[in-house]
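Q: Turn this into a structure:
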Amino acid sequence: MDEIKKQLTEKLGLSEEMSEQAVDLVLGFVKDKLPESMQGIVDSAINGEMPDTGGLLDKAKGLFGG
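A: Numbers count the residues shown, from 1 in each chain. Modelled structure (predicted):
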């Protein structure tokens, strides 16, 4: 999260406050589009935690031949 905010500040010239608002807006949009059961995964990832995906990543790998 901090890296995204830093890049928004440096590359787009946004203030730190505006960068934080932009990131919060995008994350809110993404979470609204996800099923409620997956929103916790996003929250965990945002906080730098390795989310418990319940095997979801393994299933996704299978779709792509992984």
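
Q: any idea how far residue 31 is from residue 24?
A: Distance of residue 24 to residue 31, computed by Cβ to Cβ, to the nearest Å: 10 Å. Every residue, glycine included, has its C-beta placed from N, CA and C.

Q: for residue 17, that is, sorry about that
A: In terms of Cβ to Cβ, residue 17 sits 21 Å off from residue 31.

Q: Likewise for residue 21?
A: Distance from residue 21 to residue 31, by Cβ to Cβ: 16 Å.

Q: What's the first helix or strand after the one helix or strand residue 27 maps to?
A: Residue 27 is part of helix 16-33, with elements assigned from DSSP states H and E. Using DSSP H and E, the helix or strand that follows helix 16-33 towards the C-terminus is helix 36-46.

Q: show me the contacts for residue 24.
A: Residue 24 sits next to no residue when contact means Cβ atoms under 8 Å, 6 or more residues apart in numbering.

Q: which residues of the chain score low on pLDDT?
A: Judged by pLDDT under 70, the chain has its weakly predicted residues at 51-66.

Q: What are the phi and psi values at residue 13?
A: phi 70, psi 20 (degrees, to the nearest 10).

Q: how far away is it from residue 42?
A: 28 Å.

Q: Of the two, which one has the most company?
A: Neighbour totals were compared for residue 13 and residue 42, and residue 42 leads with 14 against 9 (other Cβ atoms under 10 Å).

Q: my read: that one touches residue 29, true?
A: No - the pair residue 42 / residue 29 is not scored as a contact, 11.1 Å apart, by Cβ atoms under 8 Å.

Q: hang on, the earlier thing: settle it for me: which of residue 17 and residue 31 has more neighbours?
A: The neighbour comparison of residue 17 against residue 31 (other Cβ under 10 Å) goes to residue 31, with 16 against 10.
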